[in-house]
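[1] Generate a structure from the sequence data that follows.
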Amino acid sequence: METRSLPSTPCRRRTSARVERRIPLSVSLLALTLGLGACAAVEGPGAEAPHHRSGGFGNNHVEFASKDLTEFLRWRWNAVRQGLPRPPQQATPTVAPDLEFIARNARAGEAMVPSATWIGHASTLVQAGGLNILLDPIFSERASPVSIVGPKRAQPPGLALNQLPRVDLVLISHNHYDHLDEPSLLALQRQAGGPPQFVVPLRLKAWLESIGLTRVVELDWWRSHRVGSTEVVLTPVQHWSARGLTDRMATLWGGYAVITPRFSVYYAGDTGYSKDFAETRARLARKLPRGGFDLAVLPVGGYEPRWFMATQHINPAEAVQIHLDLGARRSMGVHWGTFELTDEPLDQPPRDLAAARQARGLADDAFFVLAIGETRRFDDPRP
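    Numbers count the residues shown, from 1 in each chain. Got it, this is the predicted structure:
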C-alpha cells in the first residue's frame, strides 16, 4: 500500500502574541488538549481525493468551521460564569479488573472470547481474533502536553500498564492529547516481547517515529492493514486534528473497522454526526457476515455546549443513531467520566444515553456503558 504525503502549510495566527500571552496557562492547555487553537484550516485546490486538501485534510460532508479564539474564550467565560461543569452527582463507577480472565483470554489464540475492557475515557482493551487491541491508550494523569497542569483524571486507569497482556495492536484515531498520549505510547513500545503494531491516520507516522516508535503503519480512509487474519480499515468520521496552534488539519483523523473471522468491531474515535456511518456500513457490508458490526465503541461524552461541540463531538442521541446506522448488534459508550473537557458533568452521559436509548426503543444491553475496569464478554455475537 502506498500513500502520498501532502505538503504542510502553517495556519495564520489570528491574534497577536501580546493577546496570546494574556491567556491563562490552564485555558491554553485546555485549548491544546481539545485541539482548539486560534487559527483557521488552510484549504485549496490540488486535492487527489476529496478529503485531501493542499494544506492538509477535510471532512466528507461538512467543512469544519474552525473556532477562533473569541469563540473559545466565549465558551470558557460562559462556563466559568455558570459554574460548569457542575460536580457529578455520583463518582464514575469502578471495579477491580478481571485480570485472570484477561490473561487467560490473551493466551487463548483462536479460542479467544471476544471482549472489551474499559480502561477510561476512550481507552479500551479489545480482545478478539486472537489479538489484544488497544484503542487510543492514555494512562497519563493528565490529558495535556505537560504533566503539571491540564485536564486531570477523575480516577486511575481501569488497567495499569503493567496489568495489560502483551498488546498486539494499537489504534490511534487522531492526534488530540486525550487520544494520542506520548508517554503511554512509549511505554507500550517498551513492553516485554517487543512493541505492538501501531496503526495511525495519514501523516502521523513520521511524528510517532520521531519519538522513537517502531512498527508504525499509516492509513488513508478506506485503506486497510492486515495483522494475521484480522483486517483493520481506517474509516471516515467528521472531526479534525491539531497538536498545537499551527498544525490545524495537517494530519488525518478517522475511525476503525476491525474485522476478524468471527467478530467485528467498529471504533469511532471522536466525531460529529454525519452520513459517514451509514456509508461505512454499506461499503463494508460484504465483509460483515451478519450485515453489521458485532460491537461498536462510540463516544457518548464531550458534547456540551452544542453550539461549540456539535460539528466535532456527538451527543448520546446521535450516538444511538450511529449505532443504528452501523447496524451494530451492541454498542459500548466511552469518552466520558474520566477527564473534565466540556460543560456536562462527568456522570451526565449515561443518563442522557438511557433517555436516548428509551426514545428509540432499544434494550438496555443493546447500547451500554461499563464501569472503569469492567470487562464485557461476547461469547455469542448475537444480541
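[2] Can you identify each of the helices in the stretch 101-250 of the chain by residue range?
    182-189, 205-210 (DSSP state H, counting those that start in this stretch).
[3] Pick the most deeply packed of those.
    helix 182-189 (a mean of 18; mean count of other CB atoms under 10 Å). All C-beta atoms are positioned from the backbone trio N, CA, C, and that covers glycine.
[4] Spit out the contact partners of the nearest residue in space to residue 275 that is not next to it in sequence.
    Spatial nearest neighbour of residue 275, excluding adjacent residues (CB to CB, 6 or more residues apart in numbering): residue 61 at 5.5 Å. The neighbourhood of residue 61, defined by CB atoms under 8 Å, 6 or more residues apart in numbering, consists of 238, 274, 275, 276.
[5] what stretches of the stretch 251-383 of the chain score poorly on pLDDT?
    380-383 (pLDDT under 70).
[6] do the same with the stretch 51-200 of the chain
    In the stretch 51-200 of the chain, residues with pLDDT under 70: 65-66.
[7] just the strands in it please.
    52-53, 56-57, 115-120, 123-128, 131-135, 169-171, 197-201 (DSSP state E, counting those that start in this stretch).
[8] Now mean neighbour count and distance to residue 268 too, for those, in a markdown table please.
    As requested, these are exported to a markdown table (neighbours: other CB atoms under 10 Å; distance: least, CB to CB, whole Å):
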| stretch | mean neighbour count | distance to residue 268 |
| --- | --- | --- |
| strand 52-53 | 19 | 21 |
| strand 56-57 | 26 | 17 |
| strand 115-120 | 25 | 14 |
| strand 123-128 | 25 | 12 |
| strand 131-135 | 24 | 10 |
| strand 169-171 | 25 | 11 |
| strand 197-201 | 24 | 13 |
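[9] got CSV for these, with distance to residue 262 too?
    CSV is the format used below for the strands of the stretch 51-200 of the chain (distance: least, CB to CB, whole Å):
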stretch, distance to residue 262
strand 52-53, 35
strand 56-57, 34
strand 115-120, 13
strand 123-128, 8
strand 131-135, 12
strand 169-171, 17
strand 197-201, 20
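[10] Residue 143 versus residue 137, what's the distance?
    Distance, residue 137 to residue 143, using CB to CB, to the nearest Å: 12 Å.
[11] Can you report how many residues lie near residue 190?
    Residue 190 has 10 neighbours, counted by other CB atoms under 10 Å.
[12] show me what contacts it?
    Residue 190 neighbours (CB under 8 Å, 6+ apart): none.
[13] what's it sitting at in phi/psi?
    Dihedral angles of residue 190 (phi, psi; degrees, to the nearest 10) stand at phi -90, psi 10.
[14] now it: how far from residue 212?
    9 Å.
[15] Residue 61 now?
    Taken as CB to CB, the span from residue 61 to residue 212 is 37 Å.
[16] quick one, what contacts the residue nearest the centre of the chain?
    Centroid check for the chain by CA atoms, centre = their mean gives residue 269 as the closest residue, at 2.6 Å. By CB under 8 Å, 6+ apart, residue 269 lies in contact with 122, 136, 173, 174, 179, 237, 239, 253, 254, 255, 256, 299.
[17] Just give me the closest of those to residue 226.
    Nearest to residue 226 among these: residue 256, at 13.4 Å, using CB to CB.
[18] for the closest one, which residues make a bridge with it?
    Legend: beta-bridge partners of residue 256 under DSSP bridges are residue 234, residue 267.
[19] give me the number of residues near it?
    Using other CB under 10 Å as the criterion, the residues surrounding residue 256 number 27.
[20] swap in residue 48?
    9.
[21] about what we covered before: doesn't the residue nearest to the centre of the chain lie inside a strand?
    No. Under DSSP: H, G, I helix; E, B strand; the rest coil, residue 269 sits outside any strand and is assigned coil.
[22] which residues does the residue nearest to it when sequence neighbours are not counted contact?
    Closest residue to residue 269 apart from its sequence neighbours, by CB to CB, 6+ apart: residue 173 at 2.6 Å. With contact taken as CB under 8 Å, 6+ apart, residue 173 is in contact with 122, 135-136, 179, 201, 237, 253-256, 267-270.
[23] tell me which of these is nearest to residue 325?
    residue 268 (10.7 Å).
[24] now that closest one, nearest residue through space, not along the chain?
    Per CB to CB, 6+ apart, closest to residue 268 is residue 255, 4.5 Å.
[25] Tell me what residue 372 is bridged to.
    Using DSSP bridges, the bridge partners assigned to residue 372 are residue 94.
[26] in the stretch 251-383 of the chain, which spans are strands?
    255-259, 264-267, 295-299, 330-334, 367-368, 375-377.
[27] So for residue 127, which of those strands sits nearest?
    Closest among these, using CB to CB: strand 375-377, at 8.7 Å.
[28] Partner strands of the closest one, with direction?
    strand 115-120 (antiparallel).
[29] Could you tell me which residues make contact with residue 99?
    With contact taken as CB under 8 Å, 6+ apart, residue 99 is in contact with residue 163.
[30] wait, residue 232
    By CB under 8 Å, 6+ apart, residue 232 lies in contact with 169, 171, 199, 219, 224, 225, 226, 256, 257, 258, 259.
[31] The contacts of residue 269, buried ones only, as a PyMOL selection?
    To isolate the buried subset of the contacts of residue 269 in PyMOL, counting by 16 or more other CB atoms under 10 Å, use the following:
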select buried, resi 122+136+173+174+179+237+239+253+254+255+256+299
